[in-house]
Structures are given as C-alpha cells and as structure tokens.
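[1] just to be clear, the model below is a prediction. Sequence and coordinates:
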Amino acid sequence: MKVSRRDLLLGTAGVTVGMVFTPVPWKLLGDVSVWTQNWPWVPQPQRGPVTVKQGLCTLCASGCPMRLCMAGGWPVGISGVKSNPLTKGALCSLGFAAHQLNWHPARLREVRHRGRVANWQEAQAALEKACSEGPVVVVDGRPGRAVSTVLQEFAEKHDVAYRVALSPGEKAFAPYADWTGIPSSSFGYDLENARTIVSFGTPLLEDWGIPGRFARVWSEKAAGKDDPELRLIQIDAKLSHTAACAWRWVAIREGSDAALAGAVARILVEDNLVPARVAIPVTMLEDAAAQTGLAVEAIRQLAHVLLEKKPTLVIARDGNPEIAALNVLLGRVGEPGGVVQRGGAGRAEVPLEENPSKYRAIVLDASVPWEFMPRTNAEVFRFAAWDGGGNTADWLLPSPGFLEEFTDVPTAPTAARENYGIAINLVPQPEGTRTSGQLLATIDSSLPTVEKTITLRCEQIFHSKHGAVYGDTVQAVAQMESAKKLEEQLRSGAIWVGDVPRTTSLHCRLKEWPAPTRIEPASDWAVEWPAPVLPPLAGKLYQESNLREAPERSRA
Amino acid sequence: MSARYGMVIDLDRCTGCGACMIACAAENNVPPLPAKATARTGITPMMVRKLSNGKDGAERREAFIPIACMHCERETPCVAVCPQQAVELDKETGIVMQMPQRCLGCRYCMTACPYHARYFNWWDPQWPAGMEKSLNPGVSVRMRGVVEKCNLCHARLHSSMEKAAAAGKKEIDPADYVPACVEACPTGAILFGNLADERDPVSVAARGRDTFRLLERIETEPKIHYKTTRSWIRAAADRQGHGPTEAQNG
C-alpha cells in the first residue's frame, strides 16, 4: 500500500485529535502538575516521632499553659490547655505562632558591642570592671521568678542596686499600693464577680492580662445580650476591638480619661450615690465636658449607670491615680468584684529611677520590654533573644528564646489568685546564649542556682498545704505525698493555683483627690507582647486582613 | 452514615482577636508572605473581616466575621468549574476538598466562589532559614501557582480516623476531630460538628432562631452558619461579608 503525504498528514491529525479522547494527555498534565509541586526548594516538614508535651509560655508574665505537638524534638504546633482554671484553653493570637520565633531573622546569635561582634569573655570583663568602678543597677522586668532571686542575691553581695521595670498592667496597681501600704504585686482584679466593668482605654479583650480569662467571662456573661449579666463599659477615644464588643462605648477625646474620672466622681458624691469616702475632686463638670467632648448630662448619666448593676469595677490601662481613686470611692478595694488582695506576702518593688544617671552601668534582664531604654550615659548591658532594632544599648547579649530556658512563672499580674508553674526548656538552649543569671553566676559562683531556688519554692508551696495542682487531674496540695512529687508535676506542665483568698475591705488612706496626671495613649495593639519581634505569621493580622493596625515599631 | 461537617459561628462572641487566623495558618503550613502581600494576594484560609453599621463617630458600631470556605453542599460552584477535578465534594464528610497536586492554577474556582474564600499562591513558599523545623508534619507545603482554601483541617480528620481504626471503631470520636480555628477561639464562638446528626450541638445551633447563612438566596447550601441577635450585623454580613472591603484590598 502506498502511503501518500496526504495520508500521513491525515493520520497525524487523527492521532492528535484521538489522543484528546484518551487518558494520556490528561494523565501527562496531571503528572506534570504533581511533578511541579515537588521542586527541591519547596521546604519539607520536619520528620520524626510525634509527641505531645505540656509547657508554659514565657513570652509574657501570664505564663499560659500550652499543649505542644513536637516532631523530631521541635515544637510544630501549639494549642491551649482546657483544664487550666485561669486560661481555660485560651492563648493570645500571637502565641499560636510563637514556636516560629526561635528562627526569626532578628534572632540574636552572638554578643555585640556597639555594633561589632564580641564574645562573652569581653562582656563579662566589662561588667566586672563596671562593678568595681561604680554603682551598677540590675533591672528585672518580671520580678518574683527564680532568676530574680539570683539577681537580687548578686545585687546584695556586690553592692549593686536591684530595680524593676513594670508593664502598664502592673503599674495600674501602684496607686493602691501607695494608699494601702500593701505591695502592688499583691493586688489583682476579681473579674469573675464584677457585674459592671468600666474600662478606661484598657484593651480588656485584646490579649490584656491573662489572655482568655476576661474573654471567657465576657463570652459567658455579656456577649450578644441586650441586658447582660456583666456590663462592659469601654471609655476610649477610638473604636477599639474592646469598644466594639462592649455593652456601651463612651467615645471621648484622646487624653481626657482622667478629667472624665474626676467628673464622674464628683457626680457620684454630689448626687449622694456613694458615701464621700474621699474629698470631692476639684474638676468642674463643664471643664470635663469641654475636655472629653461629652455633654454634662451624658457624664451624669454615665455616673448613674455605674451603679445600676453592682459591684462595679474600674480598670485603668496604667497607673493613673485619678481613675484608680474611683474604685476607692465605689468601695471596691478589697471587696468581691473589685481590686482584691491575693494571698502571699507580695514583694516591695522599687522601679528604676526616672533619671538613672548616677549609675556607672545598667544591666537589663531579657524580661525587660525591648523599648525600655533609660536615658543615661551609663554603660548598658542588654540581654535579649531577638534584636528588635533601634536599641542603643552598648552590649547586646544573646539570651535563650522561646521554650529554650529553664525558668519558673510566678503569679500572673491581674490574677485574683496566686499561681505558680515551672517552664522547662523543651528545646535545648543554643550554644552562645546565656541568661542574666548564668552570666552573673560565672562572676560569682556562690549565687544560688535557678534549679535550687525553684525546688525551694516548691517546698514552700507544699508546706503551705493550700491550693491545688492542675494537670491532667486536679489534686489538692494537702493530699500530695511530698514536695518532690509536687515539683515533678509542675515540671510536666501542671500549674499550682492558690485557694480563693478571703476578701477583706482594705483601708485606703486617700485624704484628697489625686492631682491630674497625663495619660499616654497606647502605642499599638501588641503593647502587652514583650518580645522585641512578632512571629512572621502575625502579618496575617495587620497586613493581609487589616484586622489590626500595623505596628509602628520597626520590630514587626 | 456519612457525616456533614459544618460550623456555627456566633458573631456576638467574636472579638476579632485573629487567633483563628494565626492557628489556621500555623496548622496548615501557610508561609509568611512578603511585605507587599495584601488581602487579595495573601493566603488566609480563615479570614476575619470587620463589619460596621455604616455610621460615623460615637454612633459607629463594629463587629467581626470569620470567613472560610463555606463547603457548599449544592451545586458547589468551585467543583463545577474546575477543569482538573482538583476540587471535590467528599460525599462521606461533606467537606469540599482542594487537591493542590491536581491544580493547574487557572483560578476559575476563585472567580466562581461567591464568598471569595479561595487564595492563589503567588509566591514560592519560603520560611526564614531553619524555620521549616516548625512546620506541621501532617500537612504538605503547597507550591507557587496553585489555589488553596480551608479544608476543615483535613489532616486532623485523617489522624482521628486512624485513631478510630486502630481502636477497631468505625466512627471517629467527635472530640478527636476539631479544626485548629475552633480549638483556638478564646471565647468559644465557633461550634463545629456533624450537621447531619440532629442531636449534635452544632446541628441544634444551626436550626436556631438567630442563625443565618451568607448569600442564602443563591441556594448553594453552605455548611458554615452564623449566629447573631443584632439585625445590623446580619444585614452588614450579607452586604460585605462575601468579599474583601475596600480597605482590605489595600
């Protein structure tokens, strides 16, 4: 048979058209698409045995319990622990991506001295020289930990000052400490028993305090109800997330919170709504109205609403005494549903001086917020796991990062009950990193170790016989066999929570209304997040969704 | 009996914290994207959007609405248009599955989705050096050029099925299969379960008086239900909830 050119072309065209009706091109297309999913540069997830461990987050002072899914020894997933009585399974939004932080590009991996790479020997020699030459101060951002004890002992032995740098939430208790003589670290908020909460710009539903604690209370008692069991009144210049969720949002001008507090106090007393426990503020209602942008009648109505559902608790974003004085006026200091005194002795903390120029050197622990940079000519030694940028410290000293440090977590600020937990290092501490306690221990080997201090703390809890340990099960301390057993449980991720303290009305020596104080607006939504950097996935919140304002700081 | 997994999201309890978005991204190995990524070009299988009552000043009210794939039961638009059978409605679970291995990246499904709940991978998946150690081993990383969306944490369903099989059971324990967003919500605003089981709390809630679904009029029978007692949220959700707002478009 003779095959013509025409036959050949027809055959080729027939095969081409026929192929479309066979699986071949489609299979080929599918295979190509599968093949292109597997380029060598596409990252492969970690392989290895998958285990689940419990740990404590140490990125802020709340110390939220976490359930960690580990693969090949590394954390690959984080979730909350539902059995925990404080968080009830909640974590802050950033906490879910915290396991990425250890590989953040801004991770500090070597000692730096004024921009150049240095080493630990040089840093140690410089610190020893500073200690021998003049006054030195050690600043702790999270007092009450075992490492804080190490810092304090070093300070006592070497004639060094020990000071603290507190978060806005902790500063809010300073006025009550002044008026009662009780250390500010002894106070907390009884959120669960309040029926009206008046927040002066406090981001209550935005990872404030122990994330999840107020969110649960609000969700159960207030969300979506016209006449809720708990009334949340948010006084705020902007429509924040908390304001959006509040029973009532009172929109005032920026910085006029204190004037409004004074005016409300004046109405409460003048209208005989509360007994005149303190002198009436000098604030004139008309002046307050002009400052806040509210009508006098609206302020009066607000004052009356405060007492419709009692008890009423007032929460200030920071230590503004005029706002704190409202709680004194309402009789809520030391009362259920108010500012309560936790059990325990509390600690008398001395904040770092405004102008610390008298010091030759300043040592800032890694717990001190990154933005905290004293204006001084002193030599500054700054411990940190990440370089958030813009810090002018002379020495940047790399510290262990997330889950890399063996430490403990004392009572969370704002908590109404004492609590304690041990955060073991679930991943190994990287070579080249040291905590402030480890550096000081190389200078003075007689200092107590963190491990020993934690063991002592567990013994104290065991002998106190109060509270219970919340792990897989709840066990009262009084029923535990030994302090060692208690420590073992805490090391495995359980936490100890003290008994509900008996509330006692505290006598506040507040003879006159506090003088007006300027309130600084919050810098951004991540203000409670003390790590110098955010996890890369945080971009979902402020970049890909515009759910939050983009942090103005360079750290993001 | 085949299941119909779905959710009821209580909008009155949503504080807009974004924990669901972060937990979803971490669970599903969504990479951190370049600084130029926006709501349109980013990857947020669970996206929380803001709703407002349209007023200004002190009269303004805002609320938040989490939007993920609605897992449409009827005439699923993305399934109908996919030329590669990369999208499939699983008859056993009711989950609309996206198979990136089959996806050619034509984005017909994105055009067809009335809820704008699908995202295209515009960039190679990249993490800072070493951070790949933090990836979830149960979920493979998707390549540039494919579409992805919420699959109700399918990897978690698989592990619960494996667990049930190992125990000699045919049905999974509902407590073993909880998507990451549900687990992360600090206020318990997201209920998850089997809508086909009339006694399941999610099924009971879905039949409640205050529940609704987005774009119910197009009759795709979405399996994500919303709940609110405030009428303005319901109206705003229907008006804005099915597409990025101007601000989110960047």
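    Here it is on my side, so go on.

[2] what count of nearby residues applies to residue A:39?
    Applying other C-beta atoms under 10 Å in any protein chain shown, we find 11 residues neighbouring residue A:39. The way it works is simple: take the backbone N, C-alpha and C, and place the C-beta from them, glycine included.

[3] residue A:160 now?
    Neighbour number of residue A:160 under other C-beta under 10 Å is 20.

[4] can you pull the contacts of it?
    By C-beta atoms under 8 Å, 6 or more residues apart in numbering or on different chains, the contact set of residue A:160 is A:131, A:135-138, A:154.

[5] quick check: chain neighbours aside, which residue is closest to residue A:318?
    Among residues not flanking residue A:318 along the chain, residue A:168 sits closest, at 4.3 Å (C-beta to C-beta, 6 or more residues apart in numbering or on different chains).

[6] just to revisit the earlier point, pick out whichever of the contacts of residue A:160 sits closest to residue A:214.
    Closest approach to residue A:214 among these (C-beta to C-beta): residue A:138, at 33.0 Å.

[7] residues contacting that closest one?
    A:151, A:154-155, A:160-163, A:363, A:365, A:436 are the contacts of residue A:138 under C-beta under 8 Å, 6+ apart.

[8] quick one: which of these is most hemmed in?
    The residue in these with the most neighbours, by other C-beta under 10 Å, is residue A:363 (29 neighbours).

[9] you'd agree it is up against residue A:136?
    Yes: counting by C-beta atoms under 8 Å, residue A:136 is a contact partner of residue A:363 at 6.8 Å.

[10] overlap of the contact sets of the two?
    What both residue A:363 and residue A:136 touch, as defined by C-beta under 8 Å, 6+ apart, is the set residue A:127.

[11] could you pull out the strands in the stretch 451-556 of chain A for me?
    A:468-470, A:474-476, A:495-497 (DSSP state E, counting those that start in this stretch).

[12] sorry, back to before: from residue A:491, how far out is the residue nearest to residue A:318?
    As judged by C-beta to C-beta, to the nearest Å, residue A:168 and residue A:491 stand 32 Å apart.

[13] for the helix or strand encompassing residue A:77, output the C-alpha coordinates as PDB.
    Element membership for residue A:77, per DSSP states H and E: strand A:74-80. Taking C-alpha atoms only, strand A:74-80 is exported to PDB below (Å, rounded to 0.1, in the frame of the first residue of the first chain):
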ATOM      1  CA  TRP A  74      10.900  20.500  67.800                       C
ATOM      2  CA  PRO A  75       7.600  22.200  68.500                       C
ATOM      3  CA  VAL A  76       5.400  22.100  65.400                       C
ATOM      4  CA  GLY A  77       2.000  23.100  66.800                       C
ATOM      5  CA  ILE A  78       0.600  25.000  69.800                       C
ATOM      6  CA  SER A  79      -2.800  24.900  71.500                       C
ATOM      7  CA  GLY A  80      -4.200  25.900  74.800                       C
END
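
[14] before we move on, the earlier item: so what's the residue nearest to residue A:318 scoring on pLDDT?
    pLDDT recorded at residue A:168 is 74.

[15] what is the neighbour count of it?
    Residue A:168: 19 surrounding residues under other C-beta under 10 Å.

[16] now do the same contact list for the closest residue to residue A:88 other than its chain neighbours.
    Among residues not flanking residue A:88 along the chain, residue A:216 sits closest, at 5.1 Å (C-beta to C-beta, 6+ apart). Contacts for residue A:216 were tallied using C-beta under 8 Å, 6+ apart; they are A:88, A:90, B:186-188.

[17] how about 10 Å then?
    If you count contacts by C-beta atoms under 10 Å, 6 or more residues apart in numbering or on different chains, residue A:216 has them with A:86-90, A:191-192, A:210, B:186-188.

[18] min pLDDT across the residues you listed, which one?
    Lowest pLDDT among the contacts of residue A:216: residue A:86, with 86.

[19] which SSE is the residue nearest to it when sequence neighbours are not counted in?
    Excluding the flanking residues, the one nearest residue A:86 by C-beta to C-beta, 6+ apart is residue A:210, at 5.4 Å. Per DSSP H and E, residue A:210 falls between elements, in no helix or strand.

[20] surely residue A:210 meets residue A:495?
    No: contact criterion C-beta atoms under 10 Å: residue A:210 and residue A:495 do not qualify, at 11.5 Å.
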